[in-house]
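Participant: Sequence and predicted model, in that order:
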Amino acid sequence: MRYRILMIPALALLSACGEPSDRSDRDKDTTIVKTEATTVEPTKAEVAADHLIVPGKSIGQTRLDEDMDQVIARLGKPDGGDAAMGKSTSVWYTGHDTAKASTTIFASRQMGTADERARVKQIRVTSPWFKTADGIMTGADKAAIEKIYPHLEKAESPIAKDEVYADKAAGIAFEFDGQDKCSAIIVMLPEGKN
């Protein structure tokens, strides 16, 4: 029992933003799961800390309001991104392959304040490797997600690619492709905490 308790923090420290920290392990990660005629139902199960999506707080080891310098130190140089006017978007692809799953982080800095460090404002993942405690992950059906998050409303995001529905009070949003399958999950600060 003592061994298991000590292993949990050690395992959490070994991963970056929830994906395998070793680049060779990241290369083995799967691409986004595309489901056709099947229904992906979320299942409650214990989710490892480095895989866990916590609405309004974090995805894996990356936390909202975290200093971007710390994120880059943990994940390495982003594979892509853009920056202007105190805002930035950074993207990491599994195995540096743009056809595979991605982690995208939107950050901003408060120009002219004592603390001008860029801080994480939104985290977006496309990998089914990440899950909420309720078992929600990419590939899940919109109807199944709405059962767990009944307050979803159409929303916009600076890092979204598909149609977005958010539970702003909880601090979580879901992107859906044209077939009502979750293509990405976004964690953001809950409404009123920005």
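Facilitator: All right, it came through fine.

Participant: Every contact and neighbour count from this point should use C-alpha atoms.
Facilitator: Fine.

Participant: can you pull the contacts of G56?
Facilitator: For G56, the contacting residues are L64, A170, G171, I172, V187, M188, L189, P190, taking Cα atoms under 8 Å, 6 or more residues apart in numbering as the criterion.

Participant: How much space separates it from P78?
Facilitator: As judged by Cα to Cα, to the nearest Å, G56 and P78 stand 23 Å apart.

Participant: And for V54?
Facilitator: With the distance defined as Cα to Cα, V54 ends up 23 Å from P78.

Participant: One more: D141?
Facilitator: Taken as Cα to Cα, the span from D141 to P78 is 30 Å.

Participant: Taking the contacts of G56 together, which two end up most distant?
Facilitator: The span of these, defined through Cα to Cα, is set by L64 and A170 at 13.3 Å.

Participant: between the two, which one's more packed in?
Facilitator: Using other Cα atoms under 10 Å, the more surrounded residue of L64 and A170 is L64, with 23 against 19.

Participant: Ignoring the adjacent residues along the chain, who's closest to that one?
Facilitator: Of all residues beyond its chain neighbours, the one nearest L64 is V120 (5.0 Å), with distances taken as Cα to Cα, 6 or more residues apart in numbering.

Participant: Equivalent analysis for K131, please.
Facilitator: With Cα to Cα, 6+ apart as the measure, M137 is the residue that lies nearest to K131, at 4.8 Å, once sequence neighbours are left out.
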